[in-house]
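[1] let me see the structure of the following:
(one chain, ligands or ions: 1)
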Amino acid sequence: MRFDIVTLFPAIFEGYMTQGLLGKAIQRELVQIHQHDLRDWAPQTTHKPVDDKPFGGGPGMLIQVEPTVNCVEAVEKKADQSARRILLTPQGKRFDQRMAEDFATSGRLMLLCGRYEGFDQRVTDILEPEEVSIGDFVLNGGEVAAMVIVDAVVRLLPGVLGDENSSIDDSFSRGNRLLEFPQYTRPREFRGHAVPDVLTSGDHKAIAAWREQQSLQRTKQRRSDLLRDE
Ligand SMILES: N#Cc1c(-c2ccc3cc[nH]c3c2)n[nH]c1N
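    Now for the predicted structure:
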């Protein structure tokens, strides 16, 4: 799978792409991530401005339409398949596990990361991206949101998580409507807190029943909204 990230701050992604599961997936060529600096598409002046004041007044600046559309069109010319375009914005559809599973079936995603007050409206009108938000809070730009999406999608790709790390029991995975059960490893007791006996009983049926009960109890306590019919 390939991600093309259009951003004013490509360096933000450097460290992120070399660490952990994503770093390994890139090394194993299961994933490609290409950053595209919008400033490379700015008017060829010394300052290379990509932002300007909003018509009609108001605070802050907007990213101009021209560098963005030129950048996206240039990126698309490099590959035969047209990428699925995602614009990160607080006004977007809420990102969730179902959306992550859907994105994971796309061969290529283009993530448009804004800054300032966002993009000129014509970027949306011309490129017709899917507008996505990662939650009801305000960030300073789309890059962190893009990393959240890359992180959630990459772990779903075949071969990225080994069998021992399968995502099948994860909260929210593949239609799971229950939060994941509590997990324990060695030591069997720490500061008076012991691992529940059932987990060391070897009785797999009892373990499964305990985990189901714990998931249901945890979901009722923390996220009862997940139990309501849609
Ligand atoms: N996705 C998302 C976002 C953002 C976001 C995205 C892009 C820009 C560009 C300037 N400010 C931004 C905030 N804030 N909160 C979210 N859930």
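
[2] so what's the residue most central in space within the chain up against?
    Per C-alpha atoms, centre = their mean, the C-alpha nearest to the average position across the chain is that of residue 149, at 0.9 Å. Counting by C-beta atoms under 8 Å, 6 or more residues apart in numbering, residue 149 touches 86, 88, 95, 100, 103, 109, 111, 132, 134. Quick note: C-beta positions are derived from backbone N, CA and C, even for glycine.

[3] show me the contacts for the fourth one.
    In this case it means residue 100. Counting by C-beta under 8 Å, 6+ apart, residue 100 touches 149, 152, 153, 156.

[4] can you map out the strands along the protein?
    2-7, 32-37, 51-52, 62-63, 84-94, 108-112, 130-133, 189-190, 193-194 (DSSP state E).

[5] so which of those strands is nearest residue 143?
    strand 2-7 (5.7 Å; C-beta to C-beta).

[6] got the angle between that closest one and strand 84-94?
    Angle, strand 2-7 to strand 84-94, by axes from the mean of the first three to the mean of the last three C-alpha atoms, to 10 degrees: 70 degrees.

[7] ok, residues contacting strand 2-7?
    Contacts for strand 2-7 (C-beta under 8 Å, 6+ apart): 13, 31-38, 68, 71-72, 75, 79, 83, 107-113, 141-143, 146, 150.

[8] which of the residues you listed are close to the ligand?
    141, 142 (C-beta under 6 Å from any ligand atom).

[9] which segments of this structure make up each domain?
    2-154, 177-228 (automatic domain parsing).

[10] how about the residues of this structure by the ligand?
    Checking the chain against the ligand by C-beta under 6 Å from any ligand atom, the hits are 88-90, 92, 114-115, 118, 133-135, 137-142, 145.

[11] go again using 8 Å as the cut-off
    The chain comes close to the ligand at residues 88-90, 92, 95, 113-119, 132-142, 144-146, as judged by C-beta under 8 Å from any ligand atom.

[12] let's see which of those end up in helices.
    Counting by DSSP state H, the residues of the chain next to the ligand place 144, 145, 146 in helices.

[13] which of the residues you listed has the most neighbours?
    The most crowded member of these, judged by other C-beta atoms under 10 Å, is residue 146 (27 neighbours).

[14] now residue 110. Nearest residue, chain neighbours left out?
    Distances taken as C-beta to C-beta, 6 or more residues apart in numbering put residue 83 closest to residue 110, at 4.0 Å, once the chain neighbours are dropped.

[15] how far away is residue 23 from residue 182?
    In this view, residue 23 and residue 182 are 29 Å apart by C-beta to C-beta, to the nearest Å.

[16] same check, this time on residue 37
    Taking C-beta to C-beta, one finds residue 37 at 44 Å from residue 182.

[17] perfect, I'm done here.
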